[in-house]
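Enquirer: Output the structure for:
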Amino acid sequence: MKIRLATLHANAAEDAKVLLAKAQKELNPIESIFSEVSPVVANHAGPGTIGLAYMAGM
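Expert: Numbers count the residues shown, from 1 in each chain. Reported below is the predicted structural model:
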């Protein structure tokens, strides 16, 4: 199955890179994105927030 991954973070780049590397190893995605969250999300979620999003089958 084709999987696309995105790792998002709020002032936690190193931790997000580790998470993305683990996910890439396990899922073998066809595309990976590494990005910061928007200021609004960062303000509500707080520094250190990490997110992993995926889309499968497309």
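
Enquirer: mind listing the helices for this protein?
Expert: For the chain, helices defined by DSSP state H occupy the ranges 13-27, 39-45.

Enquirer: Could you measure from the closest residue to residue 8 other than its chain neighbours over to residue 15?
Expert: Sequence neighbours aside, residue 51 is the residue nearest to residue 8 in space, at 4.3 Å (criterion: Cβ to Cβ, 6 or more residues apart in numbering). Any C-beta I mention is one placed from the backbone N, CA and C, and that applies to glycine too. Distance of residue 51 to residue 15, computed by Cβ to Cβ, to the nearest Å: 11 Å.

Enquirer: which residues do those two both contact?
Expert: Common contact partners of residue 51 and residue 15 (Cβ atoms under 8 Å, 6 or more residues apart in numbering): residue 9.

Enquirer: Show me what counts as buried in the worst-scoring helix or strand of the chain on mean pLDDT.
Expert: When each helix and strand of the chain is scored by mean pLDDT, DSSP states H and E, helix 39-45 comes last, with a mean of 92. Neighbour-count burial for helix 39-45, with 16 or more other Cβ atoms under 10 Å as criterion, is recorded at residue 42.

Enquirer: Touching that helix from outside, list them.
Expert: By Cβ under 8 Å, 6+ apart, the list of residues contacting helix 39-45 reads 8, 10, 11, 36, 37, 49.

Enquirer: count of neighbours near the residue nearest to residue 8?
Expert: A count of nearby residues for residue 51, using other Cβ atoms under 10 Å, gives 16.
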